[in-house]
Each structure stands twice: as C-alpha cells, then as structure tokens.
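Engineer: Quick one, what's the 3D model for this:
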Amino acid sequence: MAMSAPSASEAVSRLSVAMREGSAAEHDAAEQATFVTELLDGKVNDRGYVDYLLRLRVVYGAIEDAVRSRSADPLVAAVYDPALERVAAIDADLDHWAPGVAREVDSVAAANYRDRVAGLSWGGDLVAHHYTRYLGDLSGGQAIGRSLDRSFGLGGAGLAFYDFPLRAKPYKDAYRARLDGLGLDAGQIGRVVDEVKVAFRLNRALFTELGDNLAAYRP
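Structural biologist: This next block holds a predicted model:
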C-alpha cells in the first residue's frame, strides 16, 4: 500500500525541512557572495583558493573537535560520523596547492566562526553547524569541486576536500531521517533553525573577507 505524502503541517514540523526552509534566505546570500561566484567562474588564483582552504581548516577543526568531544550527547550522536571529517582532506589539498605552507591564517571571520562553535552549550546548536557544513559539502560542494577541476585543469588532483567515501544521495536522505527522528519540540526546532541561520551568516562573513582581497586573487 502506498504511503501518502506528509501534510503541510507535518512537513513544517520535521526538523530537516524546517532547517532547510527556515534558513533559505541566509543560504542564498552565502551562495551569492562575490568570492563564491568568482571562484566558480575560474577567476580566483591559487593563492585565493589556498586562503579559502586555510579558513576552512579553522572552521572544520572547531566543528570536528566539538563533535568528537560531545559525541555521547544523543543529539550530536545522531549526526556524528568520522567519515565526514575534513581536516585531513584539507591538509592533503594544501600539500598539493601550497607545499610547506603554514597551517595558520590571520582571519577575523574564521576566528569568529571557530569561537561561536567552541562556545555552544547545547547539542542541537552543534547539530545546526554540522548540518550546514557537511550537508552543503555533499550537495553544492560537489559542484564546486567539479568546477575547480575544470577551471584549474586538475585532473582530480588537489580536491580531496570534496571526496567523500560514501554515496551522497542515500547518505543525505539517511542524515535527514536521523534529524527528523530526534523528537525535538517546536521551540527546540526554532532554536536549531536560528543557529543554522547563524552558521550561514558566519560562512558569508568568511566569503566577504575573502572577497575584500579579490584584487590579489586574480589569475
């Protein structure tokens, strides 16, 4: 017997739907940042991409440290998966793009992002940041990887960040199902959505910071 589609009220009450729909404006604003569009158009040089990776390393280091340390929290445990971790992949890409480069970066935007994640006290807020980064990597991030491959003529090299040891579509479906199974009430869902919005704003700030230096990033 075929199952009926969820009603409008049931869909809105699902955490995964609320996270996606409630943060759509912030998501779009981050995606439309000038640095992102220039990167996808092949108008950013190696230095620009390295500066981007160095900032990502700060962000993923903070998220992965926080998630590992809180993995016993039932909310965090629902999304925790070492296979998603990206710091080692970022390091591999930095070795390709800029061998020997220091792994530190002077970035107010990355530091603010790191500090926000490190200061979270509720597991649901950490889930919001996990969702924003990793589900994005498994969705639009894959298109960025393909665009970079074409723009730089990489032949797949230097793109470990976008390479996940899993099938994206089934994994994302299962991830969203785990989110929906957390059983959060309306107030908690609203809180998670608010933190997803914060995460996208922090991402946009990072892109804005990079965009302010675009003159130095021209090929």
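Engineer: residue nearest the centroid of this structure?
Structural biologist: Here the mean C-alpha position of the chain is nearest to the C-alpha of residue 133 (CA atoms, centre = their mean), at a distance of 1.6 Å.
Engineer: can you tell me which helix or strand the residue lying closest to residue 216 once chain neighbours are set aside belongs to?
Structural biologist: Spatial nearest neighbour of residue 216, excluding adjacent residues (CB to CB, 6 or more residues apart in numbering): residue 47 at 6.8 Å. Every C-beta, even on glycine, is put in place using the N, C-alpha and C of the backbone. In this structure, residue 47 sits in helix 46-69 according to DSSP states H and E.
Engineer: re the thing from before, tally of neighbours for the residue nearest to residue 216?
Structural biologist: Residue 47 sits with 15 neighbouring residues when counted by other CB atoms under 10 Å.
Engineer: hey, which helix is longest across this structure?
Structural biologist: helix 186-211 (DSSP state H).
Engineer: returning to what we had before: pLDDT wise, what is the residue nearest to the centre of the chain at?
Structural biologist: Predicted confidence (pLDDT) for residue 133: 97.
Engineer: Contact partners for it?
Structural biologist: Residue 133 is in contact with 59-60, 63, 199, counting by CB atoms under 8 Å, 6 or more residues apart in numbering.
Engineer: and what of residue 114?
Structural biologist: Counting by CB under 8 Å, 6+ apart, residue 114 has contacts 58-59, 61-62.
Engineer: how about 10 Å then?
Structural biologist: Taking CB atoms under 10 Å, 6 or more residues apart in numbering as the definition of contact, the neighbours of residue 114 are 55, 58-63, 65-66, 107, 202.
Engineer: Could you say which helix or strand holds it?
Structural biologist: When secondary structure is defined by DSSP H and E, residue 114 falls within helix 108-118.
Engineer: angle of the helix or strand that comes right after that helix against helix 108-118?
Structural biologist: Counting by DSSP H and E, the next helix or strand C-terminal to helix 108-118 is helix 123-130. Interaxial angle, helix 123-130 versus helix 108-118 (axes from the mean of the first three to the mean of the last three CA atoms, to 10 degrees): 150 degrees.
Engineer: from the chain's centre, how far out does helix 123-130 sit?
Structural biologist: Between the centre of helix 123-130 and the centre of its host chain there is 12 Å, according to CA atoms, centre = their mean, to the nearest Å.
Engineer: That helix packs against which elements?
Structural biologist: With contacts taken as 3 or more CB pairs under 10 Å, 6 or more residues apart in numbering; DSSP states H and E, helix 123-130 sits against helix 15-22, helix 46-69, helix 74-77, helix 108-118, helix 168-180, helix 186-211.
Engineer: and of these, who's closest to residue 88?
Structural biologist: Taking CB to CB, helix 46-69 is the member of these nearest to residue 88, at 9.8 Å.
Engineer: Serialize the contacts of residue 114 to TSV and add fields for neighbour count.
Structural biologist: As requested, the contacts of residue 114 are arranged in TSV below (neighbours: other CB atoms under 10 Å):
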residue	neighbour count
55	23
58	22
59	25
60	23
61	18
62	21
63	26
65	14
66	21
107	19
202	23
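Engineer: Between which two of those residues is the distance greatest?
Structural biologist: Set against one another by CB to CB, the contacts of residue 114 have their most distant pair in 66 and 107, with a gap of 18.7 Å.
Engineer: what angle sits between the longest helix of the chain and helix 168-180?
Structural biologist: Using the same axes, to 10 degrees, helix 186-211 lies at 140 degrees relative to helix 168-180.
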